[in-house]
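Visitor: sequence first, predicted coordinates after that:
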Amino acid sequence: MVRKKIGVILSKPEEEYPARMLRGIMSKAFELDYDVVIYTSFAKESTLTEYIDGETKIYDLINFDLLSGVIVLLDLIRMSGAKEAILRRIDRECKCPVVFVDSEYKDYDSVFVEDEIPFMELTDHLIEKHGCKKIMFFSGPLSVATTKQRLAGYKRSLEKHGMAIDESLISFDGNFWYDGATQIAHEILDGKRPMPDALMCCGDRMAMGAANVFMEAGMEIGKDILITGYDAFDDAASFVPSITSVLPPLYEAGVNAVLKIDAKLKSITYKPLTGGGKVEIGCSCGCEEDENYTRKPAREISKNAGSTDNDLFESNMLEAMASCVDPNELIYTIDYFTFLVRTYKYFNLCLCDNWLDSENDFEKQNQDFTDYSDFMRLWIRSEGSKDEVPGTLFSKREVFPDYNADREKPAAFFIAPLHFLKRCLGYTVISFGDELKTYDRHFANWIKLVANALENMRIKTSLAGLAVRDILTGAYSRLGLEHKMVELMERSKNRKNRFFMLVADVDKLKEINDKYGHNAGDLAIKAVAEAMKRSMKNNEVCARIGGDEFVVVGCNDYWADYPERFALRVREMIDLYNKFNDYPFSISVSLGGVCERAADKDEANALFEKADKLMYENKKKHHQLRID
């Protein structure tokens, strides 16, 4: 049975805020027998535009037709243009229920993290436990949904305790980051704002930023001024002094997003999970810290001890990938080093079918490599102890080959980008089965090393191709033809196979150059090269062996009249070119071809001389026709 799937759109799931919400989403989805497919970027924002272009392409991969519902954590996606592109696709393509978390969009459903009660309880603590009378509320913009909820909780507590609401003690000048509260802290120290009993920051990082400013001024946090944060992030718990904070009901919000989708799909009443959220006591409010909260980060590090970023470098993974001589060796090397991140149950490395394009770059100079190719290749597939490198070709609309596999239990799959700047190389699929886990920062850094290695291999292969390719036409050079002849001679050992050689010479090239310029002559050369390459049907090789001379070589089970049929295709291509291109000159080509057995290189050279002679005879006829 194919299990229904709920898609989740976000960024950086390894961070604490989305990770907590994802645990709620996955827990309820698995309970209701849904798979979860998470489309995510590794970056939330960046000043490097080309890098952002590569990251955001992962959202173009979403196939809404394969999803039964979609949950969007829009506030976590801050990359330029990404939000707008996602919303356009939802409006245009998504036919299943959509739920936005902590944001509103048109008439789509929304769920919000219920911060009001937890923030009220935190304010209650400052009033009842510490006797605070002058409490400053400090947040980011009021337009942010979480700010509104936390402000409501702050005001509700003051009203409950019969305290007046002083609007001068409410500020929305923060930005939820470390530097967001430094200015207000300096204004308090400089006397531009009154010194409060307590400063309530609507984010842990603002609280830590403010605490640093006050401590640098010689104040003791928890005594001279009380400071609280919100989110109960690990770095707040381990900060000195530890920040009194709130663990928000993110898990519950994730559960409710799934419940809302499930209610829509089953046409039942939506019954949200209520409650949640917990005040976590640190030292910054003047209390003795709760070690269950403040020692948690150390316990988590110990529990999850395994490969670290340091192991990436000590493993010599970087050097091993850099020393690979060809793409296949690199793929096997990457597969080997998956042991550094092997906490997963399922891992796919899917690369664009055109990711390498070492030999075809000249033919595809106008191709856009900033999108995923229509067809992808599965190069690494690891599931438990079963590892293989199949190279399976599949449509990107399938997302990955096992997308609809019949699994005993529901599972979550993280789809994350693999790119170098704006060039799409592919993407990864990682799953921990039905465990309530996300990948960590270590995996994100591992992927960056893999992306760099793939790009280096692409460049290395392309540079090698420059020596064997003609830059103007993309056809092989004489050196490239020599390399290919080794392969063709090997084929000639099969006695059924014949050598096919066709020599071509562009007519009147000097006249075109003299009369219309060398740019016009280059157009004629490229037109002939294109006609030759498009006429190839049996893995032949096209090479430019002189200024105006080309050769096509093949070794196959050819019919005796193959040279005549091939020459006809070339001339038809040239005729089409002349018909549809508005140039003051016409292009023509002289051809000579043979198709015979050749047992060794000398016999192959003799065939070339024979084809070359036939070409010159053809050229004389063309010249005579022009004179007549």
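Guide: Perfect, thanks for sending it. Computed from a prediction, not measured in an experiment: that's the story for all the values here. Residues are numbered from 1 along each chain as shown.
Visitor: quick one: residue 511 from residue 588, how far?
Guide: Residue 511 sits 11 Å away from residue 588, going by CB to CB, to the nearest Å. Placement of C-beta: from N, CA and C, glycine included.
Visitor: neighbour count winner among these two?
Guide: residue 588 (17 against 11; other CB atoms under 10 Å).
Visitor: dump the residue contacts of the residue lying closest to the more buried one once chain neighbours are set aside.
Guide: Here the nearest residue to residue 588 in space, its sequence neighbours aside, is residue 507; by CB to CB, 6 or more residues apart in numbering that works out to 4.3 Å. Taking CB atoms under 8 Å, 6 or more residues apart in numbering as the criterion, residue 507 is in contact with 587-590, 619, 622.
Visitor: mind redoing it with 10 Å?
Guide: Neighbouring residues of residue 507 by CB atoms under 10 Å, 6 or more residues apart in numbering: 524, 528, 548, 574, 586-590, 618-619, 622-623, 626.
Visitor: if you look at those residues, which of them are in strands?
Guide: 589-590 (DSSP state E).
Visitor: wait, which of the contacts of residue 507 is closest to residue 332?
Guide: Set against residue 332, the nearest of the contacts of residue 507 by CB to CB is residue 528 (41.0 Å).
Visitor: is it true that the closest one touches residue 503?
Guide: No: between residue 528 and residue 503 no contact is recorded; they are 11.9 Å apart, counting by CB atoms under 10 Å.
Visitor: joint contacts of those two?
Guide: When contacts are counted by CB under 10 Å, 6+ apart, residue 528 and residue 503 are jointly contacted by 549-550.
Visitor: so can I have TSV of the contacts of residue 507 showing pLDDT and distance to residue 194?
Guide: Written out in TSV, the entries for the contacts of residue 507 read as follows (pLDDT from 0 to 100; distance: CB to CB, whole Å):
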residue	pLDDT	distance to residue 194
524	93	83
528	94	84
548	91	87
574	93	86
586	91	88
587	93	85
588	92	90
589	95	89
590	95	94
618	91	97
619	89	96
622	76	97
623	73	99
626	60	98
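Visitor: hang on, residue 321 in a helix?
Guide: Yes: if the criterion is DSSP: H, G, I helix; E, B strand; the rest coil, then residue 321 is within a helix.
Visitor: I'd say it and residue 312 touch.
Guide: No: taking CB under 10 Å as the definition, residue 321 is not a contact partner of residue 312, at 11.2 Å.
Visitor: any residues in contact with both of these two?
Guide: Common neighbours of residue 321 and residue 312 (criterion: CB under 10 Å, 6+ apart): 337, 449.
Visitor: check the secondary structure at residue 430 for me.
Guide: Applying three-state DSSP to residue 430 yields a three-state assignment of strand.
Visitor: just use 52 as the starting number from now, easier for me
Guide: Renumbered: residue one is now 52, and that last one reads residue 481.
Visitor: need the contact list for it.
Guide: Under the contact definition (CB under 10 Å, 6+ apart), the residues listed for residue 481 are 89, 392, 394-400, 433, 463-467, 489-490, 494, 498.
Visitor: that one and residue 228: what is the separation?
Guide: From residue 481 over to residue 228 the distance is 29 Å, taken as CB to CB.
Visitor: next one: residue 632
Guide: Counting by CB to CB, the gap from residue 632 to residue 228 is 58 Å.
Visitor: isn't residue 83 up against residue 76?
Guide: No: between residue 83 and residue 76 there is no contact, the gap being 11.0 Å when judged by CB under 10 Å.
Visitor: compare these two (neighbour count), which wins?
Guide: residue 76 (30 against 16).
Visitor: state the helix or strand in which that one lies.
Guide: Secondary structure assigned from DSSP states H and E places residue 76 in helix 67-82.
Visitor: are any of the contacts of residue 481 buried, and if so which?
Guide: Burial by neighbour count, 16 or more other CB atoms under 10 Å: within these this picks out 89, 392, 394-400, 433, 463-467, 489-490, 494, 498.
Visitor: got the buried residues for stretch 550-567?
Guide: Taking 16+ other CB under 10 Å as the basis for neighbour counts, the residues of stretch 550-567 that come out buried are 550-560, 563-564.
Visitor: so this structure: which segments form each domain?
Guide: Per automatic domain parsing, the domain ranges recorded for the chain read 56-162+303-317, 167-295+332-353, 360-452+491-517, 529-678.
Visitor: mind checking which of those is nearest residue 485?
Guide: In terms of CB to CB, the element of the domains of the chain nearest to residue 485 is domain 56-162+303-317, at 5.4 Å.
Visitor: distance of the residue lying closest to residue 387 once chain neighbours are set aside relative to residue 205?
Guide: The shortest distance from residue 387 to any residue other than its chain neighbours is 7.9 Å, reached at residue 371 (CB to CB, 6+ apart). In this structure, residue 371 lies at 55 Å from residue 205, with CB to CB as the measure.
Visitor: so between those two, which is more surrounded?
Guide: More crowded of residue 371 and residue 205, by other CB under 10 Å: residue 205, with 24 against 16.
Visitor: in three-state terms, label that one for me.
Guide: When classified by three-state DSSP, residue 205 comes out as helix.
Visitor: read off the pLDDT value for it.
Guide: On pLDDT, residue 205 comes in at 98.
Visitor: how about the one 4 residues further on?
Guide: Among the per-residue scores, residue 209 holds a pLDDT of 97.
Visitor: before we move on, what about the one 4 residues further on?
Guide: Residue 213 carries a pLDDT value of 96.
Visitor: which ones among the contacts of residue 481 map onto helices?
Guide: 494, 498 (DSSP state H).
Visitor: what about the stretch 152-301 of the chain, any weak spots by pLDDT?
Guide: Across the stretch 152-301 of the chain, nothing is flagged by pLDDT under 70.
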